[in-house]
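In: A predicted structure for the sequence below; I have some questions about it.
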Amino acid sequence: MDGSRWKAGLPPRAGAAAPARPPAVRLTFQAPRRSVAASNLLHANPSRPCLDMIDPHGGTLRNLIVSSGRAAELREESRHWPSWDLTERQLCDLELLLNGGFSPLAGFLNRRDYESVCSGMRLADGTLWPIPVVLDLPEPVAQKLGPGASLALRDPEGVMLAALRVEDVWQPDRALEAQQVYGSANREHPGVAHLLDRTHPWYAGGTLEGIQLPAHYDFRELRLGPAELRAEFARLGWRRVVAFQTRNPMHRAHQELTLRAAKEVEANLLIHPVVGMTKPGDVDHYTRVRCYHALLPYYPAHTAKLSLLPLAMRMGGPREGVWHAIIRKNHGCTHFIVGRDHAGPGKASDGKWFYGPYAAQELLEQHEAELGVQMVPFKMMVYLSDRDAYVPEDQVPAGIQPLSISGTELRDRLAHGRDIPTWFTFPEVVRELRRTHPPRHRQGFTVFFTGLSGSGKSTIANVLLVKFLEMGGRPVTLLDGDLVRKHLSSELGFSKEHRDINIRRIGYVASEITKNGGIAICAPIAPYDSVRREVRRMIEPLGGFVLVHMATPLEVCESRDRKGLYAKARAGLIKEFTGISDPYEAPENAEVTIDTTELTPEEAAQEIILHLERGGYVGAD
Ligand code: PPS
């Protein structure tokens, strides 16, 4: 190991063996004392007065949790109130409202504040606040509310978390909100899609009385709220703290960037990843937290800390950047790192970025003085192999080709078990990522057949079953149409509604099998396109999905009539029979199409196996 680099407060060289336990070396940038005005005093923990900590936004750190006596009263009173089970997004928002992460907010925005935030990034009293934090409700719940009403807010299991004292209830113009907040009406923007498609049409604003915070059982020791973090910084003697926001695993570039940022402003580092809701498709937070843990020893001892933030991101780019800075200020951070495309959703399908690469830096710069949080702007870091060093992209010498690996490229390397170079990330991080992102030939997948009765689904599914068992390595389950009808869907008939329920059940079971690394072979008729697409959407994020269209023509299926069902259907003895008296929508998105008029079952199974092999789902270890 390269000990001299550690002594200099630098990580080991890329490519050098990782330290089993890095030597305990202190960085020399211990924070100098700053003089702080008396008005800035804040006692985050009364037993440990912290004399020079940054003021929370708006001057007061909220703690909306009431006493146990008041909580008991609220529970009692709430028996007569309407109730609302919070959505995943609302649960995240509620937690940061109750624990003061969203200070100075004392509840969900009322109409005046909401309109003022959307149009001008400020609460009605002029306080900077860039993102609307609102409680969206469906019409039947909203109709029960009006100014002065109370609403019990519950978690998905029905546990009451807070009481909302309603100030007003209104129907917002969500298209206008999308334009004002995200600068876009394009549903490819996840914040816009959530707002237009998954947000209820009514908003209720008002103040909150908190009974308890939402329960978390994962990484509890890392979930420090604003008051707890402030107390911790006071205990550690950290007066200048630079926060790093992330929703991705951190690699060498991030470690280099954060270390440079901390040195540059002579501050300690808070790695403050979002573990609430991030961009759909991101690496799950369990894996990420293990990766961050693995990274901590690469910082000089006692200089960096990890804490998790239960924020629901909106991917709102510049406005969200300002919001992130406010939230970090509330958590006691004096500095905030903002990099390229901060909190941005990337590009739309037309190749255009939703936001300029450094738009968040520009917006935050305008509000830096007012906020009192110092931005630490960073360009994207790229690797120069001849120097074995990371440099900001604008400092690459002319004629030198820097190296970088995009998120897509990393996912591809993981999926195919390809090398991930040590200049890019740390061996411990790769190990964690490989545990949850095994190469495709060790991931689960679903082969989903669709086709008419008698088209050969069951026969080929059975051939595939034994082929997969012969290969070994993964558990295999066959969900054949007839068997599912016997065991899982025995009460269902053949109406469109019942067929869709049947396919959703099969899809759900297959998704669980796929998620857990098994192989699911499904062989229902599945005559309707939309529910097939639904199943694909359910499974694709969890592993492979191959739709096999059994395109054997109706005449051939009918001439086989192995079960005698076509004859009965023609005679009117079976109603709603697919192909005869009920529709079959042939898929246009099948990965494999098979007509068993021309192929033997063995040949047909081979077609599917070859397709899986091409995608990397079957193959050598
Ligand atoms: S669906 O549409 O996917 O829910 O149908 P599925 O569950 O695959 O159907 C399973 C078997 O039910 C028999 N059967 C019928 N099929 C179609 N239409 C009607 N009305 C019907 N009634 C009974 C048929 O044998 C299906 O099995 P396969 O293997 O396709 O022949």
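Out: All right, it came through fine.

In: in stretch 371-383, what's buried?
Out: Buried residues in stretch 371-383, counted by 16 or more other Cβ atoms under 10 Å: 371, 373-383. Every C-beta, even on glycine, is put in place using the N, C-alpha and C of the backbone.

In: now, which of those residues lie within strands?
Out: 374-377, 381-383 (DSSP state E).

In: and which of the buried residues of stretch 371-383 is nearest to the ligand?
Out: Met380 (49.4 Å; Cβ to the nearest ligand atom).

In: how far off centre is the lengthiest helix in the chain?
Out: The single longest helix within the chain, with elements called by DSSP state H, is helix 496-515. Mean-position distance between helix 496-515 and its chain equals 24 Å (Cα atoms, centre = their mean, to the nearest Å).

In: name the next helix or strand following it along the chain.
Out: Next along the chain after helix 496-515, taking DSSP states H and E as the criterion, comes strand 519-523.

In: okay, the angle between that following strand and helix 496-515?
Out: Angle of strand 519-523 versus helix 496-515, following axes from the mean of the first three to the mean of the last three Cα atoms, to 10 degrees, is 160 degrees.

In: give me the buried positions along the helix or strand that strand 519-523 is followed by.
Out: Counting by DSSP H and E, the next helix or strand C-terminal to strand 519-523 is helix 529-539. The neighbour-count check on helix 529-539 (16+ other Cβ under 10 Å) flags 531-532, 535-536, 538-539 as buried.

In: the closest residue to the ligand within the stretch 51-200 of the chain: neighbour count?
Out: Nearest residue of the stretch 51-200 of the chain to the ligand, counting by Cβ to the nearest ligand atom: Asp197, 27.7 Å away. For Asp197, the neighbour count with other Cβ atoms under 10 Å is 9.

In: surely it and Arg187 touch.
Out: Yes: with contact defined as Cβ atoms under 8 Å, Asp197 reaches Arg187; the gap is 7.0 Å.

In: near the ligand, which residues of the chain are found?
Out: With Cβ under 6 Å from any ligand atom as the criterion, the chain comes near the ligand at residues 453-454, 457-458, 481-482, 485, 494, 499, 502-503, 524-527, 563, 565, 574, 576-578, 582.

In: let's go with 5 Å and repeat that
Out: 453, 481, 485, 494, 499, 502, 524-526, 576-578 (Cβ under 5 Å from any ligand atom).

In: quick one: mean pLDDT over stretch 71-90.
Out: Taken as a whole, stretch 71-90 has a mean pLDDT of 97.

In: quick check: end-to-end length of that stretch?
Out: The first residue of stretch 71-90 is 20 Å away from its last residue (Cα to Cα, to the nearest Å).

In: strand partners (parallel or antiparallel) of the lengthiest strand in the chain?
Out: Longest strand in the chain by number of residues (criterion: DSSP E): strand 160-170. Neighbouring strands of strand 160-170 in its sheet, by DSSP bridges, are strand 150-154 (antiparallel), strand 202-210 (antiparallel).

In: could you dump those strands into TSV and include mean neighbour count and distance to Pro397?
Out: Shown next, in TSV, are the strands paired with strand 160-170 (neighbours: other Cβ atoms under 10 Å; distance: least, Cβ to Cβ, whole Å):
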stretch	mean neighbour count	distance to Pro397
strand 150-154	21	57
strand 202-210	22	53
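
In: between these, which one is nearest to Leu61?
Out: Of all these, strand 202-210 sits nearest to Leu61, with 14.0 Å by Cβ to Cβ.

In: what's the mean pLDDT across the closest one?
Out: For strand 202-210, mean pLDDT rounds to 98.
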